[in-house]
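Peer 1: Sharing a sequence plus its predicted fold:
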Amino acid sequence: MFLQLFRYRLKCLLRDRLLIFWTLVFPILLGTFFNMAFMNLNNDEKFEPISAALVTGGGANDAIFEQTVHQMSLGKDRLFNLKTTASKHQADQWLKKGKIKGYFTDGPLIRLYVQETGISQSIMKTFADHYRQNSSAFADIAKANPEAIQKGLLDDLSQQRNSVKEVNTGGAKPNNVLNYFYTLIAMACLYGSFWGNKEVCDTQADLSSRAARLNLAPVHKLKLFLAGCCADLLIIYGEILILLAFLHFILGIDFGTRTGLVLLTAWIGSMLGLTFGTFVSAITRKGENLKFAVLTAVTMAGCFLAGMMIGDMKYLVAEYVPALAWLNPANLLTDAFYSLYYYDSLNRYLINLAMIAVFTIVFGFGTYLMIRRRKYANL
Amino acid sequence: MTIVETQNLVKRYGDLVALDHLSLEVKEGEIFGLLGPNGSGKSTSLNCILSLLSFDKGEVKIFGKTMKPDAYSIKRNIGIVMQNVAVFDELTVYENIDYFCSLYVPDKKQRKQLVDEAIDFVELGEFRKFYPKKLSGGLLRRLNIACGIAHQPKLIILDEPTVAVDPQSRNKILEGIKQLHKQGATIIYTSHYMEEVEQICTQIVIIDKGRVIASGTKEELKAMISMGEKITVETFSISSDQMTALRRLPGVITAEYADERLVIKSEKETNNLAAVLDFFKNESITFGRIYSELPTLNDVFLEITGKQLRD
Ligand SMILES: Nc1ncnc2c1ncn2[C@@H]1O[C@H](COP(=O)(O)OP(=O)(O)OP(=O)(O)O)[C@@H](O)[C@H]1O
Ligand SMILES: [Mg+2]
């Protein structure tokens, strides 16, 4: 009997084109759109060689440094656009006019002269530091594989910035782009609420004549409801898996290495979406449009605060209204995916997951309280 | 045997008393007509009987047992056709009937036969694969009926199944109901069309404002009122003196003139047609058509409540 109900419900739901659009096609379209937007962003941020100068002096030690800097200034992926001069005065002139970001002088102690601070200057400094720490090995690598050094420097830099951010806000920020896609998954999960809404509308006799009719059948209302919810959950999870596959295999979005946990998160997210929908639908008044509007508005507001439209939003919320970050299901889901990707430790992930579970249970129980009644005062 | 019994049902919506101590008794084998104008409480009473609506007072028994939302053994033997069409837009005609039937008959093989019979019964054979959105209003009503009766219940409750249906479909539906009755089902039928109720119901209850105002067979109901005959004359003019004279004719209860129509109601067994004709001849009043009718349920309703059944 249960299976029969489940199968028919599944059939019913799969034929609801409008809901399939909003819960599956729309997130995929949005993902594609994000991808286009961020592709440009990435291009803009592509590394530009730093205009730098080297003031040559002539010692033996210096020759290796000069050689290394020259190495780093060759090829398409070069680190520097290098000018050389023997005159420190000349280099100062360039620096003042803004023709270069900084210059190195060699000698027993390599010095870096800059006029202001910024990313280019930081890179130059890191470069000099690395050289100083291990000059011979560094020189060898520079000879063999200059790109490795460039990449290593950039990574080092970004990690330095991360560790600083980490202390400030308690949230990592190295890859904003990924966060956008993670909010998108959170949105898709929460849009699963549309299915939950449909389920409640087909269960509560005062919401639709179909439900009224079903209430008159010799089947327990909760049995019908649960069979329906199972079908809903299967569909939501299926849709999220399709979305994940699309993001990963087509758009190349990285979810880290813990695939099992990513899939588990998607499952919990689907449950959250479903119960969120049933709960909102059960507590709001008549009118499917109203319910639809409430669900959409809450989801979008949650995703906004989780950084879907403005990446920094997530960090602002975490910094100034931390409670809101913990009470925003969209943020919890986003952060769960992010934690899986970014942190080695599962602590943060598990806290997110636990919070999501709490929400799911509260929503689920609330739904039960609302729909268990079997007689209606009004139809 | 009593199939459905309600005692002193009271249902309030806020200040509005929708059912006012409504007591009904439906016996086995009846086509029980619940007749009343819009808003008289027909749907409300059915929903209370079916334990879908809570009520403030009273008792409902079906098949001799108290009706409750979880009285599945009772529910299994009831077929319901609600006033609002309740089918799934995402399922085809066949699937819809099969789905609703599956709530009553889990066995697949048995069900297949029942569904096929139901489809034949409402003559939707060529529309099996249609989705409800593609069906006309009348066909949709027929689908709604098939979904309600496919499991061949002992008691069938139909709430205005012919609303907004063309006369041809309506007749089909009425014939179908008679057929179900012949097959042994007890039927409760609500309508605000007195013609339908007169045509098919073996027992009739007229309700208004949630109260029973009359009940019995149609003959009994008509016998209840003083009017026995209604004569209508189409004429262009008649003076007030002549009207007064008409009203003095023996057996005449009322005589009203409006819209070039004169309506004379007479007591039972007066046979006033000849007298009225004589009167017109003597007074030299020209007239068009003239016809005499027996009272309808509308007249019953009118005489008891002072208002038309259909406004
Ligand atoms: N949910 C409700 N809230 C308030 N009043 C209601 C509600 N449902 C029905 N009513 C009122 O109760 C009365 C009876 O309504 P009901 O639907 O039972 O009438 P009905 O005889 O079925 O009419 P119809 O022929 O139009 O179907 C009406 O006055 C109606 O306005
Ligand atoms: Mg009604």
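Peer 2: Looks like it arrived, so ask away. Residues are numbered from 1 along each chain as shown, chains lettered A, B, ... in the order given. Ligands and ions are numbered 1, 2, ... in the order given.
Peer 1: and A:Phe33, what element?
Peer 2: Assigned by DSSP states H and E, A:Phe33 belongs to helix A:26-44.
Peer 1: typo on my end, it should be B:Leu9
Peer 2: Using DSSP H and E, B:Leu9 sits in strand B:2-13.
Peer 1: Run through the neighbouring helices and strands of the helix holding A:Phe33.
Peer 2: Applying 3 or more C-beta pairs under 8 Å, 6 or more residues apart in numbering or on different chains; DSSP states H and E, one finds that helix A:26-44 contacts helix A:176-191, helix A:221-245. For every residue, glycine as well, the C-beta is placed using N, CA and C.
Peer 1: Let me know the angle separating whichever helix or strand comes after the first one from helix A:221-245.
Peer 2: From helix A:176-191 onward toward the C-terminus, using DSSP H and E, the following helix or strand is helix A:193-201. On the basis of axes from the mean of the first three to the mean of the last three C-alpha atoms, to 10 degrees, helix A:193-201 is oriented at 170 degrees to helix A:221-245.
Peer 1: So what touches the following helix or strand past helix A:193-201?
Peer 2: Next in sequence after helix A:193-201, counting helices and strands by DSSP H and E, comes helix A:209-215. The contact list for helix A:209-215, computed with C-beta atoms under 8 Å, 6 or more residues apart in numbering or on different chains, reads A:201-206, A:221, A:224, A:374, A:379, B:47, B:52, B:69, B:80, B:82, B:84-88, B:100, B:103, B:147.
Peer 1: for helix A:209-215, what is the average pLDDT?
Peer 2: Mean pLDDT, computed over helix A:209-215, is 94.
Peer 1: Run the chain-centre distance for it.
Peer 2: Averaged C-alpha coordinates place helix A:209-215 at 42 Å from its chain's average position (C-alpha atoms, centre = their mean, to the nearest Å).
Peer 1: so, in contact with ligand 1 or not, it?
Peer 2: No - judged by C-beta under 6 Å from any ligand atom, helix A:209-215 stays clear of ligand 1, getting no closer than 11.7 Å.
Peer 1: near ligand 2, anything from that helix?
Peer 2: No - between helix A:209-215 and ligand 2, judged by C-beta under 5 Å from the ion, nothing touches; the nearest distance is 11.6 Å.
Peer 1: hey, C-alpha coordinates of that helix in PDB?
Peer 2: What follows is helix A:209-215, C-alpha atoms only, in PDB (Å, rounded to 0.1, in the frame of the first residue of the first chain):
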ATOM      1  CA  SER A 209     -10.200  20.000  -2.600                       C
ATOM      2  CA  ARG A 210      -7.900  17.200  -3.500                       C
ATOM      3  CA  ALA A 211      -6.700  17.000   0.000                       C
ATOM      4  CA  ALA A 212     -10.200  17.100   1.300                       C
ATOM      5  CA  ARG A 213     -11.100  14.200  -0.900                       C
ATOM      6  CA  LEU A 214      -8.000  12.200   0.300                       C
ATOM      7  CA  ASN A 215      -8.900  12.900   3.900                       C
END
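Peer 1: And it, what's buried?
Peer 2: Within helix A:209-215, the residues scored as buried using 16 or more other C-beta atoms under 10 Å in any protein chain shown are A:209-215.
Peer 1: what do you get for stretch B:297-304?
Peer 2: Using 16+ other C-beta under 10 Å as the test for burial, stretch B:297-304 gives B:297-303.
Peer 1: hang on, the earlier thing: and the strand holding B:Leu9, average pLDDT?
Peer 2: Mean predicted lDDT for strand B:2-13 stands at 94.
Peer 1: Pull the residues that contact the next helix or strand after that strand.
Peer 2: Next in sequence after strand B:2-13, counting helices and strands by DSSP H and E, comes strand B:16-27. Strand B:16-27 is contacted from outside by B:1-12, B:32, B:34, B:41, B:44-45, B:48, B:55, B:57-58, B:186, B:188, B:203, B:205, B:207, B:209-212, using C-beta under 8 Å, 6+ apart.
Peer 1: hmm, 7 Å instead?
Peer 2: Here strand B:16-27 makes contact (C-beta atoms under 7 Å, 6 or more residues apart in numbering or on different chains) with B:1-12, B:32, B:41, B:44-45, B:48, B:55, B:186, B:188, B:205, B:209-212.
Peer 1: ok, it near ligand 1 or not?
Peer 2: Yes - judged by C-beta under 6 Å from any ligand atom, strand B:16-27 and ligand 1 are in contact via B:16, B:18.
Peer 1: who does that strand pair up with?
Peer 2: Its sheet considered, strand B:16-27 pairs with strand B:2-13 (antiparallel) by DSSP bridges.
Peer 1: List the contacts of the strand it pairs with.
Peer 2: For strand B:2-13, contacts defined as C-beta under 7 Å, 6+ apart pick out A:378, B:18-28, B:44-45, B:48-49, B:53, B:55-64, B:155, B:186, B:188.
Peer 1: In contact with the residue nearest the centre of chain B, which residues?
Peer 2: Nearest to the mean C-alpha position of chain B, by C-alpha atoms, centre = their mean, lies B:Ser191 at 3.0 Å. Applying C-beta under 7 Å, 6+ apart to B:Ser191 gives the contacts B:33, B:35, B:160, B:197.
Peer 1: which one of those is nearest A:Phe337?
Peer 2: Among the contacts of B:Ser191, B:Glu160 lies closest to A:Phe337 (C-beta to C-beta), at 53.8 Å.
Peer 1: Just read off the phi/psi values of the closest one.
Peer 2: phi 40, psi 60 (degrees, to the nearest 10).
Peer 1: List the contacts of the nearest residue in space to it that is not next to it in sequence.
Peer 2: Distance criterion C-beta to C-beta, 6 or more residues apart in numbering or on different chains; nearest residue to B:Glu160, sequence neighbours excluded, is B:Gln83 at 5.0 Å. By C-beta under 7 Å, 6+ apart, the contact list for B:Gln83 reads B:43, B:159-160.
Peer 1: what would these look like in CSV with neighbour count, pLDDT and distance to ligand 1?
Peer 2: Putting the contacts of B:Gln83 into CSV (neighbours: other C-beta atoms under 10 Å in any protein chain shown; pLDDT from 0 to 100; distance: C-beta to the nearest ligand atom, whole Å) gives the following:
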residue, neighbour count, pLDDT, distance to ligand 1
B:Ser43, 19, 94, 3
B:Asp159, 21, 94, 7
B:Glu160, 23, 92, 6
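Peer 1: if we can go back for a sec, and the residue nearest to B:Glu160, how close does it get to A:Ser73?
Peer 2: According to C-beta to C-beta, to the nearest Å, B:Gln83 and A:Ser73 sit 85 Å apart.
Peer 1: got it, and B:Ser136?
Peer 2: Distance, B:Ser136 to A:Ser73, using C-beta to C-beta: 81 Å.
Peer 1: more crowded one of these two?
Peer 2: Neighbours were counted for B:Ser136 and for A:Ser73 using other C-beta atoms under 10 Å in any protein chain shown; A:Ser73 has more, 19 against 12.
Peer 1: just the helices in the stretch 1-150 of chain A please.
Peer 2: Using DSSP state H, counting those that start in this stretch, the helices of the stretch 1-150 of chain A run over A:2-14, A:17-20, A:26-44, A:60-71, A:88-97, A:119-133, A:135-144, A:146-169.
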